[in-house]
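1. Dropping a prediction and its sequence here:
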Amino acid sequence: MERVVITGVGAISALGVGADVNFREALSGNSGIGLLHCSYANELGFDVVAKILTPLPALIAKTEAPLFDRVSLLALAVAQEAYAQSGLNVDPEQAVRSSVFWGTGLGGANTMEVAYEDILLKNKQRARPMTVVASMNNAAAGQIAIRFGFGGSVNTYSSACVSSAQAIGEAFRHIRDGYAERAIAGGSEALLTHAVLSAWDAMRVIANTDTAHPERSCKPFSKNRSGLVLGEGGAAIVLESLTSAQARGATILAELVGYGASNDATHITKPDPAGQVRAMEMALSEAQLPLSAIDYINAHGAGTVAGDAAETSSIKTAFGEHAKSIMVSSTKAVHGHTLGAGGALELIISLQALRANAVPPTAFLDDPDPACDLDYVPLQARHNRELHAVMSNSFAFGGSNVALIAKKLTA
Amino acid sequence: MSSFPTVAKLLADRLDIDLNAITPETKLESLGADSLAVIELIFDLEDEFGVKMGDERPSLVVVQDIADIVDVLVANKVQS
């Protein structure tokens, strides 16, 4: 079995473009959440989102534009950043041993909505010709494979909020078990469209707007938390076998050592601590690390009343006495819930924390829920903390739970 | 009234090339218009002129070929 390491990271969210930018903003507690400015905002029962306002890197020719839904543009941008950082330049022989593992909750949502509008509302005779290939759920993964010439297996995971965490975990196993030497793994989500936002509105899980400070509307672990804030995002990592990374003299950012996956199998939306505990314990067992080795957990922490309470309970159960000593924060307060991209984005923030020995805070946590009584790193980042291993949690509608553990590379 | 100016403008826009480089005799192939680009262009033209090109694709070699088809469809539309 191969050890698996990370050699490149790429991220884009409401915090900005680039993994370093995302970490810097998360560390400072600067929020990318803001008011939704669109023609239909008045129809919705909420008006805050975490939209990517910075222009995307120009990575495709204008002639290719019809093939790329926004979800695929985000995917290319972050895959490009991660690949560039890795220093990889795969030759044809390596290409067939290079895979893609991608996660997305809803795929090409914008393209689908335009097609429905054209056909159902505008009575056009047909949808735009590239609708299928731009909106199909594997489009982002396919475009990544084409861009980098990756001819191994190209896999798309769609499991709501764990999608990209699951993609990374499965890529980890794929390389560990020798099916490929390297993989681009991550996820993207771009679903801030009229109908999709209306659907989310109907679930009544979106946070109330903090009218004085809309950017503070997502308040994980707070007494007055009121729900999640939807966000767009993309995040990618380059995973390689330790053998192949060392053979080419790569700069290794961290080692991925544990992947736990479980399903609650109880309710389609309500979180179940028991399932979350199993995922965390599975990751810890695989990593062969004592509980005390985990210094920081990037929580799922979406800011829902039920979710944050359940996660507090599950962390306490999984870590026992050590739970109180772990720094735990939710960066969703500043980048929102990026759904299919969230697992990867939050793992990357955890990796940046590991490398910088600096822990991002849970922003806006000035009035904690007494029931959420772990060290949730309120308001201020913690610097100069020697971090050995970090965990990132993701929990989803559908009941899936994923925990990923990374540590600094040691011999 | 020929649809050529509109066809040329849409081609220039979609293929990201200089409008002045497009004449009625310009070969589509030389503009880098592959089959996907032509399909997208036809969609744009259907929208622009409110016509339907139909599923039969006659041979489209030069830009004027496209304009000719559009001209016929627009003329038919006006008549009906």
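-> Happy to help now that I have it.

2. Show me what whichever helix or strand A:Phe172 is part of packs onto, helices and strands only.
-> Using DSSP states H and E, the element containing A:Phe172 is helix A:163-176. Counting by 3 or more Cβ pairs under 8 Å, 6 or more residues apart in numbering or on different chains; DSSP states H and E, the packing neighbours recorded for helix A:163-176 are strand A:4-13, strand A:98-103, strand A:154-157, strand A:182-189, strand A:233-241, strand A:254-263, helix A:342-356, strand A:400-407. The way it works is simple: take the backbone N, C-alpha and C, and place the C-beta from them, glycine included.

3. how far off strand A:98-103 does that helix point, in degrees?
-> Here the directions of helix A:163-176 and strand A:98-103 differ by 160 degrees (axes from the mean of the first three to the mean of the last three Cα atoms, to 10 degrees).

4. what angle separates helix A:163-176 from strand A:254-263?
-> With the same axes, to 10 degrees applied, the angle from helix A:163-176 to strand A:254-263 works out at 120 degrees.

5. Confirm B:Val70 sits in a helix?
-> Yes - per DSSP: H, G, I helix; E, B strand; the rest coil, B:Val70 lies within a helix segment.

6. Report the contact partners of A:Thr312.
-> A:Thr312 is in contact with A:Phe221, A:Ala371, A:Cys372, A:Asp373, A:Leu374, counting by Cβ atoms under 8 Å, 6 or more residues apart in numbering or on different chains.

7. which one among the residues you listed gets closest to A:Glu321?
-> Using Cβ to Cβ, A:Leu374 comes nearest to A:Glu321 of the contacts of A:Thr312, at 12.4 Å.

8. what's the spacing between the closest one and B:Ile42?
-> Using Cβ to Cβ, to the nearest Å, A:Leu374 is found at 60 Å from B:Ile42.

9. same deal with A:Ala11?
-> From A:Ala11 to B:Ile42 the distance is 39 Å (Cβ to Cβ).

10. Could you check which of these two is surrounded by more residues?
-> A:Ala11 (34 against 20; other Cβ atoms under 10 Å in any protein chain shown).

11. Pretty sure that one sits against A:Gly342.
-> No - A:Ala11 lies out of contact with A:Gly342 (Cβ atoms under 8 Å); the separation is 11.2 Å.

12. what do these two both touch?
-> A:Gly233.

13. For chain B, what's its nearest residue on chain A.
-> Closest contact between chain A and chain B, by Cβ to the nearest Cβ, is at A:Lys62 (4.0 Å).

14. circling back: now the helix holding A:Phe172 and strand A:4-13, what's the angle there?
-> Angle, helix A:163-176 to strand A:4-13, by the same axes, to 10 degrees: 160 degrees.

15. Going by neighbour count, list what's buried in helix A:163-176.
-> A:163-172, A:174-176 (16 or more other Cβ atoms under 10 Å in any protein chain shown).

16. Then stretch A:44-62?
-> A:Leu44, A:Phe46, A:Asp47, A:Val48, A:Val49, A:Ala50, A:Lys51, A:Ile52, A:Ile60.

17. What pLDDT does the model give the nearest residue to the first one once chain neighbours are set aside?
-> Same thing as A:Leu44. What sits nearest to A:Leu44 in space, not counting adjacent residues and going by Cβ to Cβ, 6 or more residues apart in numbering or on different chains, is A:Asp201, at 5.0 Å. A:Asp201 carries a pLDDT value of 96.

18. Then A:Asp201 would be within a strand, right?
-> No - if the criterion is three-state DSSP, then A:Asp201 is helix and not within a strand.

19. residue contacts, A:Ile326?
-> A:Ile294, A:Asp295, A:Tyr296, A:Ile297, A:Ile315, A:Phe319, A:Leu374, A:Asp375.

20. okay if I get those residues as JSON lines plus distance to chain B?
-> Output for the contacts of A:Ile326, formatted as JSON lines (distance: Cβ to the nearest Cβ, whole Å):
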{"residue": "A:Ile294", "distance to chain B": "50"}
{"residue": "A:Asp295", "distance to chain B": "50"}
{"residue": "A:Tyr296", "distance to chain B": "47"}
{"residue": "A:Ile297", "distance to chain B": "47"}
{"residue": "A:Ile315", "distance to chain B": "50"}
{"residue": "A:Phe319", "distance to chain B": "54"}
{"residue": "A:Leu374", "distance to chain B": "53"}
{"residue": "A:Asp375", "distance to chain B": "54"}
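
21. Just the ones of these in helices?
-> Judged by DSSP state H, helices contain the following of these: A:Ile315, A:Phe319.

22. circling back to that earlier point, ok, which pair from the buried residues of helix A:163-176 is furthest apart?
-> The farthest-apart pair in the buried residues of helix A:163-176, when distances are taken by Cβ to Cβ, is A:Ser163 and A:Arg176, at 20.3 Å.

23. what about stretch A:243-252, average pLDDT?
-> 98.

24. ends of it, how far apart?
-> Stretch A:243-252 has its terminal residues 11 Å apart, counting by Cα to Cα, to the nearest Å.

25. Now do the buried residues in stretch A:94-110.
-> Buried-residue list, stretch A:94-110, by 16+ other Cβ under 10 Å: A:94, A:97-110.

26. In PDB, could you pull the C-alpha coordinates for the helix holding A:Phe172?
-> Output of helix A:163-176 as PDB, limited to C-alpha atoms (Å, rounded to 0.1, in the frame of the first residue of the first chain):
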ATOM      1  CA  SER A 163     -19.200  15.300  -2.500                       C
ATOM      2  CA  SER A 164     -15.700  16.700  -2.700                       C
ATOM      3  CA  ALA A 165     -14.600  15.200   0.700                       C
ATOM      4  CA  GLN A 166     -15.800  11.800  -0.600                       C
ATOM      5  CA  ALA A 167     -14.000  12.400  -3.900                       C
ATOM      6  CA  ILE A 168     -10.800  13.100  -2.100                       C
ATOM      7  CA  GLY A 169     -11.200  10.100   0.200                       C
ATOM      8  CA  GLU A 170     -11.800   7.800  -2.700                       C
ATOM      9  CA  ALA A 171      -8.900   9.300  -4.600                       C
ATOM     10  CA  PHE A 172      -6.800   8.500  -1.500                       C
ATOM     11  CA  ARG A 173      -7.800   4.900  -1.600                       C
ATOM     12  CA  HIS A 174      -7.300   4.700  -5.400                       C
ATOM     13  CA  ILE A 175      -3.700   5.800  -5.100                       C
ATOM     14  CA  ARG A 176      -3.100   3.900  -1.900                       C
END
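
27. What distance do you get for A:Glu81 to A:Ser159?
-> In terms of Cβ to Cβ, A:Glu81 sits 24 Å off from A:Ser159.

28. tell me the centre residue of the chain?
-> You didn't say which chain, so I picked chain A. A:Gly342 (2.1 Å; Cα atoms, centre = their mean).

29. wrong one, chain B
-> Computing the C-alpha centroid of chain B and ranking residues by Cα atoms, centre = their mean puts B:Ile66 first, at 4.0 Å.

30. could you say which helix or strand contains A:Phe364?
-> Residue-wise, A:Phe364 maps onto no helix or strand under DSSP H and E.
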